[in-house]
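[1] Need coordinates for the following:
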Amino acid sequence: MGTRQDIREKTVEVAGLTLMSRVLGLARDLLLSRYLGVTRLSDAFVTAFRLPNSLRKIFAEGAMSAALVPTMVQSYKTDGRPAINKLTTFALLIFEGLVLLMTLTIIAGAETVVRWLAPGFSVDQIESAASFLRILMPFLLTISSSAVLAGAFQSIGHFFMPAFGQVIINIVFIAGLATCYWFELSPIILCWFVLFAGVAQLVAHLAVYYGLGFTFSLVNGQELRCFIPVLHKFILSCVSMSAIEIGLIVDGMFASYLAKGSISLLYYANRWMGVPHGVFAIAFSTVLLPHFSRHSGSSPEKLSFYLLEASKMVAWVTIPTMLGMSILSNKLFYTFFLSPKFPIASVNEGAFLLQIFLAGLFFCSLNKILMSLFYSMHSTGVPAAIVLAATASNALLNALLIGSFQTAGLAAATAISWSIQTGLLLFFLAYLFDVRIDAKKFGAFIMRYGAQVAVIGLPFLITYLLLTQLITYAMPSHVSYWLLDTVLFWPWVGSLGYLFVRVMMRTQKFFGVRLYFME
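    The predicted structure is shown next:
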C-alpha cells in the first residue's frame, strides 16, 4: 500500500463507487424536484434534511476519519488487528454516545433549531421542517456508527464498503421518493425511508467488519488514556471539516429571507458542483490520508513533493470540468429539472448559481488535500482556526452581497470563502511544517496544461456548437427536441466529452504535461 499504482487503483475504485453514488444522487434530486419542486415545502424539507446530512459529513465522513484513520494506521502497523478492535470499540462508545446526546437534544428542540437554521421561515414552514427533522435526526446516529467501522476498513486499505455505503443510501432514498411521488404521499413517509437507508448502510458495514476479521473488544482505563488524544483531534477536526457544510448552513439562513425556493435552488446548484468534487476530490483525499500518515512519520520531506503532484492532479481534473459544466449548466438544469413545479425562471437561476459555485471548484477540491496533510501530521487546531476564519468571511460576504445580488451573492460569497481557506491552509503548511507547493513548477504546469486545454478544447467546442445547429435545423422538430431538450442530450454530449478526455490523455507528452500519480 502506498505506491503510485496502488494510490491510483484505490482512487479509481473509490471514485467509481462515488460516481455511481453521485449518479444515483442526481436521479434522487430529479425525483425530488418532481415531487416537491422549488416551493415553501421543498425549502422546509431541504432545511430539515441538511442538518443531519451536514452533520454526517462533518462528524462521520470528516472528523471521525481525520481523527481515527492516522491513529488506526499507526496502531495497525505496531499491534495489528487487536489494536484496531479496541480502538473501534472505544470509538463507538465515546463518539456514538456524543452523537446520541446531540440527536436527542435536537429532536427535543426541533422547532427552535429550525428557527435558528431558517429565521425567515413562516410558522407553517417551521412546523413542517420540525416534524421532518424529528424523524431524520437518528439518520446521523446510523451513519456515524458506519463511519467508525469505515475507519477500521481504511486502516488496512479497504475502501470499497465506505464508498459503496452511499450507493445503498441513495438506492433506498430513490425508492422512497418514487413511492411518495407516484402515490402522492406526505414527505413524512419520505423521512422514514431516509432513516431506513441509514440502518441498511450500518447493517452492511457490520457484515463487512466481521467479514474482514475484526471484532469488538473489552476496554479498560488504559485504552481510555490512549484514546484521549484521538478525542481531542476529533473535537478540533469537527471544526476543520465543517467548512463547506457550515457555509451552506449559513447560506440557508440568509436565503430563508429571500423568495420561496431560494434554499432549494442553492441546494440543487451545490449538488451539481458536488459531483466532480465528490467523485474526484473526496475520493483522492480519502486514499491519500493514510498515505500521507505513513510518510509524515518516516519521510516528511516527501510531503512537499506529494502536495505539488496532488495539486497538479486537482488542477488537471477541475479546470476542464469547471469549463465544461459552466458551458452546459443551463442544459443540466433544463433537461433534468424543468417541470410545472420547477419553472424556466428557476432553471435559469439555478444554472447561474452553478456557474458561480464552479468558479471555486479548484479551491474547494484542493482544500480536501490540504486538510488531509494537516491531519496526517496530527495537526487539527490550525485547520480548525482557518475554517472558522473562512466561515466568518463567508457570513460577512453574505451580508454584503445578498442585498444587491440575492442568491447569486450567497453563492459568490461561498466560492470566495473557499479561496480564502486555500490561501490560509497553504500559508500555515509552509510556515509551521515547511510543506509547500513549488510555485515555479506548479506555474509551469498550469501554463502547459492551459495551452493543452485551449488547443484541444476549442475544436471540441466548435464541434459541439455545429452539432447542436445540425440537430436543430437538419432534423425533424420532435427529434431535435429529444436530442437537445431532454436527458437524451447527454448520451451524445457525454460521448463527445469522453473523446475529449481520451485526446487530452494521449497528447499530454506533446504538451509536456506530466502527472506523477498518472504515470
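[2] packing partners for the helix or strand encompassing Phe500?
    Here Phe500 sits within helix 489-506, counting by DSSP states H and E. Packed against helix 489-506 by the contact rule (3 or more CB pairs under 8 Å, 6 or more residues apart in numbering; DSSP states H and E) you find helix 303-327, helix 329-337, helix 439-474. For every residue, glycine as well, the C-beta is placed using N, CA and C.
[3] Distance of Ser264 relative to Pro276?
    21 Å (CB to CB, to the nearest Å).
[4] May I see the domains of this protein written out as residue ranges?
    4-437, 439-519 (automatic domain parsing).
[5] Show me the shaky parts of the protein.
    Across the chain, residues meeting the criterion (pLDDT under 70) sit at 1-15, 18, 59-66, 219-226, 236-244, 278-283, 285-291, 293-300.
[6] Leaving out the residues flanking it, which one is nearest to Lys57?
    Glu245 (5.3 Å; CB to CB, 6 or more residues apart in numbering).
[7] Please give me every residue in contact with the one you found.
    54-55, 57-58 (CB atoms under 8 Å, 6 or more residues apart in numbering).
[8] ok, 6 Å please
    54, 57-58 (CB atoms under 6 Å, 6 or more residues apart in numbering).
[9] got the buried residues for the helix holding Phe500?
    The neighbour-count check on helix 489-506 (16 or more other CB atoms under 10 Å) flags 489, 493, 497, 500, 504 as buried.
[10] just the angle between it and helix 439-474, please?
    Angle between the axes of helix 489-506 and helix 439-474 is 140 degrees (criterion: axes from the mean of the first three to the mean of the last three CA atoms, to 10 degrees).
[11] Please list the outside residues in contact with helix 489-506.
    Contacts for helix 489-506 (CB under 6 Å, 6+ apart): 335, 456, 460.
[12] which non-adjacent residue is nearest the last one?
    Ranked by CB to CB, 6+ apart and with sequence neighbours excluded, the top spatial neighbour of Phe460 is Phe500, at 4.9 Å.
[13] returning to what we had before: quickly find the element holding the residue nearest to Lys57.
    Per DSSP H and E: Glu245 is located in helix 243-255.
[14] And that helix, how far out from the chain middle?
    The chain centroid and the centroid of helix 243-255 are separated by 14 Å, computed with CA atoms, centre = their mean, to the nearest Å.
[15] so where do the helices sit in the stretch 101-250 of the chain?
    With DSSP state H, counting those that start in this stretch applied, the stretch 101-250 of the chain shows helices at 110-117, 123-136, 138-155, 160-182, 187-211, 221-240, 243-255, listed in chain order.
[16] So in this protein, which helix runs the longest?
    helix 381-433 (DSSP state H).
[17] What residues sit buried inside the helix or strand where Ser264 lies?
    Assessed by DSSP H and E, Ser264 sits inside helix 262-276. For helix 262-276, a neighbour-count test (16+ other CB under 10 Å) marks 262-276 as buried.
[18] For Thr142, which non-adjacent residue is spatially closest?
    In space, Thr142 is closest to Gly198, 3.4 Å off (CB to CB, 6+ apart).
[19] What number of neighbouring residues does the one you found come out with?
    26 (other CB atoms under 10 Å).
[20] State the helix or strand in which the nearest residue to Ala178 once chain neighbours are set aside lies.
    What sits nearest to Ala178 in space, not counting adjacent residues and going by CB to CB, 6+ apart, is Leu31, at 6.3 Å. Using DSSP H and E, Leu31 falls within helix 4-36.
[21] Now do the helix or strand following that helix: distance to the chain's middle.
    Per DSSP H and E, the first helix or strand lying C-terminal to helix 4-36 is helix 40-55. Between the centre of helix 40-55 and the centre of its chain there are 16 Å (CA atoms, centre = their mean).
[22] List the contacts of helix 40-55.
    Residues contacting helix 40-55 (CB under 6 Å, 6+ apart): 36, 117-118, 125, 128-129, 132-133, 136-137, 139-140, 187, 245, 260, 263-264, 267.
[23] Many thanks, we can stop here.
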